[in-house]
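Asker: With the input below, show me the fold.
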Amino acid sequence: MGNRLSKIYTRTGDAGDTGMADGSRVAKDDLLVHAIGDVDELNSQLAVVACHAPEAFEKLVKSIQNDLFNVGAELTMNEPLIKQEDVVALEQSLDELNDSLAPLKEFILPGGGLAASHCHVARSICRRVERSLVCLNKKDNLNSNLMAYINRLSDLLFVLARAISKQQGMDETYWESVIMNNE
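Answerer: Model prediction:
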């Protein structure tokens, strides 16, 4: 990386635009910039998850964070970086985590301890990332592996929250449906 980030402020975005990897400038309210910002927020929330989750989950969370940097790079460079094998790796992690959990009989409320709660926040941010990418995809036709990766990631974060909760000995709270209770 060298001296690439030797000066943090550049003043080039003061007028409301930002630079892309190819040297082009894009308005800061562009769908692309919103999507990149949502990915950045998700990555930051995963840092909080990593700080509170049991050590057994640290490698997985850090791997996802690295993948999210690739997602951001793909968006700024408009060059496919997320591959099918990245999606498959998420699916494998999801299956491994889910195999250790009791099947769900009802929806659960977000919670299950501090780390699991932070993971649920990450999951909801991930779903926003997906919505941003769907909007952007209508305009720019994104890499289908990128779209699949983010879709699987929200599923993985749900299962990860449950796995963290289980490992920390926390109970899950089931949704008390008004609909089901009225029947």
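Asker: so where do the helices sit in this structure?
Answerer: With DSSP state H as the criterion, the chain has helices at 31-52, 58-77, 84-99, 114-140, 144-167, 178-181.
Asker: can you give me the angle the second one makes with helix 144-167?
Answerer: An angle of 160 degrees separates the directions of helix 58-77 and helix 144-167 when computed by axes from the mean of the first three to the mean of the last three C-alpha atoms, to 10 degrees.
Asker: Show me what counts as buried in helix 58-77.
Answerer: Leu60, Val61, Ile64, Gln65, Asp67, Leu68, Asn70, Val71, Gly72, Glu74, Leu75, Thr76 (16 or more other C-beta atoms under 10 Å). No exception for glycine: its C-beta is placed from N, CA and C like everyone else's.
Asker: Can you give me the pLDDT of the fourth one?
Answerer: As predicted, Gln65 sits at a pLDDT of 98.
Asker: Sort the buried residues of helix 58-77 by pLDDT and name the bottom one.
Answerer: Lowest pLDDT of those: Thr76, 92.
Asker: That one touches Ser24, doesn't it?
Answerer: No - counting by C-beta atoms under 8 Å, Thr76 does not reach Ser24; the two are 9.6 Å apart.
Asker: Might you report the residue contacts of Ala163?
Answerer: Phe57, Leu97, Ser100, Leu101 (C-beta atoms under 8 Å, 6 or more residues apart in numbering).
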